[in-house]
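Engineer: Next input, structure requested:
(2 chains)
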Amino acid sequence: MARLTARPTPATAPWRALVLAAAALYFLVPLAASVVFTVDVPGRGVDLGAYTRILDTEGFLPSLLLSLELAAATIAVVLLLLVPAAVALRLTAPKLRPVVEVVCAAPLVVPPIAFVAGIGTVLKWGPEHLSRTPLFQTFVAVQNPDFPVVLVLAYAVMALPFAYRALDAGLRAIDVRTLVEAARSCGASLPQALLRAVLPNLRGALLSASFLTLALVLGEFTTAQLLGFRPFAVWIVNISGSQAQMSVAVSVMSLLVTWLLLLVLAGFGSRRTPSSTSDRK
Amino acid sequence: MTTDMTTPPTAAASCAAAAPAAPAAPAARTGRRAGRSGALAVVPLLLFTAVAFGLPALAMLDGAFTTRDPATGATSYGLGNLTASWQGAYLTALVGSVKLSATSALLAALLGLLLAQAVVTSPLRALREAVLTASGVLANFGGVPLAFAFVATLGNSGVLTRRLGLSDTGWNLYSFWGLVLVYLYFLVPLMVLTITPALDGLRTQWREAAQNNGATHRQYWQHVALPVLAPSLLGGLVLLFGSAFAAYATAAAMVGSSVPLVTLQIADAISGNVLIGQENVALALSLDMVLVAGLVMAVYLPLQRRSARWLA
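Structural biologist: The predicted model follows:
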């Protein structure tokens, strides 16, 4: 503390320390207690069984794989839909910007649970009204429990607002029009210009959009549970009744992984804009 | 060889020379063509949202206003579901959700403001970075893992509950205040993220000017800082409320249905845990939620724009 030259106002220092200590306590104790809960078996001392048995537990790998597949598909869908649209808005179709912004913000107004209620209703149309039409096969196919396409659709909608914001921020930082014109005047075709001049400059934004989507899909519970599918988060809840320690152990692990992802993302974010943070006094 | 060497500069020069002199007509033509292809690039996004988001939204609207006569099975449009969603257990759940969200949002706003102020005025830069990064992570953290972390800590057989003998004192995590305690875990960081830019926007000169004019610490806060912060504070509060109101996974994994919440009611009705034929009431409840969320956004966005004026 002594070598810090900034002026600490001594009169306010005690309350600051108190607030920070209370915050640290509140945010760290549940995490620490969770770890203790998983390794401390009453009457037997420290036991890492909850962690070593994770891999052997029935349903762990399939549900995790399903979640990862869903995440990969959702990221692909979101990026394929958003990147061309966001670039086009900057480049040639600025008039459509309000439309796209409203469309990409709309999912924020519909809470996930309300969205699921709507999806469930639509899915019921299949057996109720369309059982004699070829569309019925589509309804069956999107609900295939091995790979529920309907979840990809739902997750893509839920990820749109966040992914759009990330991409838009990335595009704002570069001058798309100048980049494309420069590439074109050097003889590149439009696709070449987009693929080799614009996309590489968007790497950070693409990564952050993907990370946000990945975190969303891995942790998503509401939609999957209510539509009757069993990806990772639903599996954790399902085993919590019979194996409480294991469910907490898996929660802790998934937390750490998600946080690692988000921290990597935060690292990317701050590395890309070093000037804005160092300018502040 | 020499011609090859000279060609690029010439081409570039001619290109540069031609650029300003280029007639407007071709530019406009390519512009229009590009505009059309630009619109084409947006179409898939619009089509996708129309199907994946528009269809469920319409289905929800349609179902919310469709009542089915239990005797004849005939359906008709009406307000029956909506009125049902404002009565009895459903009303209790709506009120419960509003109470829980308002309580936790108010508490989180207050605590978040304190924490953010502690961090912003702290001379330690590393602390500031650490808290902001952690807030970014924790604000995104909710759902099942959060619920289980708290169950393991303060649940019936949680680590702290057993060590401190909390159950003798009447502590119960699976209650209203238990949920508030858990919700604060992602709401406080959200508030820190929302309010920190506004606190950064409070200029030192304002405080100095107030002090030079003889204002006390309290007068500075009352007449300068809080009025400037008010839009951000309110905006943050509204955002927290919306966030808590929509939360489902945490509550579902933690309390089952011992606390009446509208999200839990909807889930029960969808999965047919209650009376058969209540699906449309669930849709009406969903519509109620959308209305609340829409209201939240309608309050939040203007407030955010207003607070942005001070931070420029």
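
Engineer: Strands along the stretch 1-150 of chain A, start to end?
Structural biologist: Here the stretch 1-150 of chain A has its strands, by DSSP state E, counting those that start in this stretch, at A:40-41, A:45-46.

Engineer: scratch that, chain B
Structural biologist: B:66-68, B:75-77 (DSSP state E).

Engineer: Identify whichever of those lies nearest to chain A.
Structural biologist: strand B:66-68 (9.9 Å; C-beta to the nearest C-beta). In short, each C-beta sits where N, CA and C put it, glycine included.

Engineer: Within range of chain B, give me the residues from the stretch 151-281 of chain A.
Structural biologist: A:153-154, A:156-157, A:160, A:185, A:215, A:219-222, A:225-226, A:233, A:236-237, A:240, A:244, A:247-248, A:251-252, A:254-255, A:258-259, A:262-263, A:266, A:270, A:277, A:280 (C-beta under 8 Å from any C-beta of the partner chain).

Engineer: Tell me which of the strands of chain B sits most buried.
Structural biologist: The highest mean neighbour count among those, using mean count of other C-beta atoms under 10 Å in any protein chain shown, belongs to strand B:66-68: a mean of 18.

Engineer: and that strand, anywhere near chain A?
Structural biologist: No: applying C-beta under 8 Å from any C-beta, one finds strand B:66-68 out of contact with chain A, separated by at least 9.9 Å.

Engineer: close enough to count as contact, residue B:292 and residue B:244?
Structural biologist: No: if you go by C-beta atoms under 8 Å, residue B:292 and residue B:244 don't touch, sitting 11.3 Å apart.

Engineer: These two: who's more crowded?
Structural biologist: residue B:244 (27 against 21; other C-beta atoms under 10 Å in any protein chain shown).

Engineer: Any idea how many residues pack against the residue in the stretch 51-200 of chain B that chain A sits nearest to?
Structural biologist: Residue nearest to chain A within the stretch 51-200 of chain B (C-beta to the nearest C-beta): residue B:56, separated by 3.0 Å. When neighbours are defined as other C-beta under 10 Å, residue B:56 has 25 of them.

Engineer: if we can go back for a sec, need the strands of chain B in TSV (columns: mean pLDDT and distance to residue B:106).
Structural biologist: Converted to TSV, the strands of chain B look like this (pLDDT from 0 to 100; distance: least, C-beta to C-beta, whole Å):
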stretch	mean pLDDT	distance to residue B:106
strand B:66-68	79	37
strand B:75-77	78	39
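
Engineer: Take the ones you listed and write them to CSV, including distance to residue A:23.
Structural biologist: Compiled in CSV, these are given as follows (distance: least, C-beta to C-beta, whole Å):
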stretch, distance to residue A:23
strand B:66-68, 49
strand B:75-77, 52
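
Engineer: Now stretch B:140-158: buried residues?
Structural biologist: Within stretch B:140-158, the residues scored as buried using 16 or more other C-beta atoms under 10 Å in any protein chain shown are B:140-155, B:158.

Engineer: can that stretch be found next to chain A?
Structural biologist: Yes: counting by C-beta under 8 Å from any C-beta, chain A has neighbours in stretch B:140-158: B:140-145, B:148-154, B:157-158.

Engineer: which pair in the residues you listed spans the largest distance?
Structural biologist: Across those, the two members that end up farthest from each other (C-beta to C-beta) are B:140 and B:157, 28.5 Å apart.

Engineer: State which helix of chain A is the longest.
Structural biologist: helix A:60-91 (DSSP state H).

Engineer: what's the pLDDT at residue A:275?
Structural biologist: For residue A:275, the model assigns a pLDDT of 40.

Engineer: swap that for residue A:281, please
Structural biologist: 37.

Engineer: where along the stretch 151-281 of chain A do the helices fall?
Structural biologist: A:176-185, A:190-193, A:199-201, A:203-219, A:222-227, A:232-240, A:244-272, A:274-279 (DSSP state H, counting those that start in this stretch).

Engineer: quick one: contacts of the shortest one?
Structural biologist: So the one you mean is helix A:199-201. A:83, A:174, A:179, A:206 (C-beta atoms under 8 Å, 6 or more residues apart in numbering or on different chains).

Engineer: Try it again at 10 Å.
Structural biologist: Helix A:199-201 has contacts (C-beta atoms under 10 Å, 6 or more residues apart in numbering or on different chains) with A:83, A:87, A:170-171, A:173-176, A:179, A:193, A:206.

Engineer: Rounded mean pLDDT for that helix, please.
Structural biologist: 89.

Engineer: re earlier: ok, and which of the strands of the stretch 1-150 of chain A has the densest surroundings?
Structural biologist: Highest mean neighbour count among those (mean count of other C-beta under 10 Å): strand A:40-41, a mean of 15.

Engineer: Can you list the strands that it pairs with?
Structural biologist: Take DSSP bridges as the rule and strand A:40-41 pairs in its sheet with strand A:45-46 (antiparallel).

Engineer: Which single residue in the stretch 101-250 of chain A comes nearest to chain B?
Structural biologist: residue A:118 (3.0 Å).

Engineer: For that residue, grab the count of nearby residues.
Structural biologist: Residue A:118: 27 neighbours (other C-beta under 10 Å).

Engineer: Now do the contacts for it.
Structural biologist: A:110, A:154, B:53-64, B:283, B:286-287, B:290.

Engineer: In ChimeraX, how would I select the buried members of those residues?
Structural biologist: One line in ChimeraX is enough to select the buried ones among those; burial here means 16+ other C-beta under 10 Å:
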select /A:110,154 /B:53,54,55,56,57,59,60,63,64,283,286,287,290
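
Engineer: just checking, which of the contacts of residue A:118 belong to helices?
Structural biologist: A:154, B:55-64, B:283, B:286-287, B:290.

Engineer: Of these, which is the nearest to residue A:22?
Structural biologist: residue B:290 (36.6 Å).

Engineer: Show the model's pLDDT score for that closest one.
Structural biologist: Value for residue B:290, per-residue pLDDT: 92.
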